[in-house]
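Trainee: I need the structure of the sequence given here:
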Amino acid sequence: MTDLQRHWEALQIEHPQLDPVAALVLLALRQSDAPGDGSVSTALMSRRLGLEHALIRRAAAELETGGWVSAQPVGGASPALRLILTPTC
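Mentor: Residues are numbered from 1 along each chain as shown. Okay, here's the model as predicted:
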């Protein structure tokens, strides 16, 4: 079992209300080495996790509704969002 899998399972136990993909996105965001403002784009996360962008966006919406992250449009024609952990996470 990898560290990522162990952390994901622990997060799922601690917060069973989170959808499994949302838990994975939250964990990836917590473990990211995001430069500067600490944000990660949903497009980059989609590529890194090997999941469709729509799944990442849906998870981001759940996390934002739950107060885990804030999401801001990347801008331009891109449907991507910038995800930033809230201070309590």
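Trainee: correct me, but Leu29 touches Leu81?
Mentor: No. Leu29 lies out of contact with Leu81 (C-beta atoms under 8 Å); the separation is 11.6 Å. Where C-beta positions appear, they are placed from N, C-alpha and C, glycine not excepted.
Trainee: and those two? which has more neighbours close in?
Mentor: Comparing Leu29 with Leu81 by other C-beta atoms under 10 Å, the one with more neighbours is Leu81, at 24 against 21.
Trainee: chain neighbours aside, what residue packs nearest to the most centrally placed residue in the chain?
Mentor: The chain has Val25 as the residue nearest its centroid, 3.0 Å off, counting by C-alpha atoms, centre = their mean. Spatial nearest neighbour of Val25, excluding adjacent residues (C-beta to C-beta, 6 or more residues apart in numbering): Ala59 at 4.3 Å.
Trainee: average pLDDT across the helix or strand hosting that neighbour?
Mentor: For Ala59, the element it lies in under DSSP states H and E is helix 53-65. Average pLDDT, helix 53-65: 96.
Trainee: give me the helices and strands touching it, please.
Mentor: Counting contacts by 3 or more C-beta pairs under 8 Å, 6 or more residues apart in numbering; DSSP states H and E, helix 53-65 is packed against helix 20-31, helix 42-49, strand 69-73, strand 81-85.
Trainee: dump the ones you listed to JSON lines, plus mean pLDDT and distance to Asp3.
Mentor: Shown next, in JSON lines, are those (pLDDT from 0 to 100; distance: least, C-beta to C-beta, whole Å):
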{"stretch": "helix 20-31", "mean pLDDT": "91", "distance to Asp3": "9"}
{"stretch": "helix 42-49", "mean pLDDT": "92", "distance to Asp3": "15"}
{"stretch": "strand 69-73", "mean pLDDT": "92", "distance to Asp3": "22"}
{"stretch": "strand 81-85", "mean pLDDT": "92", "distance to Asp3": "19"}
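Trainee: go through the ones you listed and pick out the most buried.
Mentor: Ranked by average neighbour count under the criterion mean count of other C-beta atoms under 10 Å, the helices and strands packed on helix 53-65 are headed by strand 81-85 at a mean of 22.
Trainee: so how far is Asp19 from Arg58?
Mentor: 8 Å (C-beta to C-beta, to the nearest Å).
Trainee: cool, thanks, signing off.
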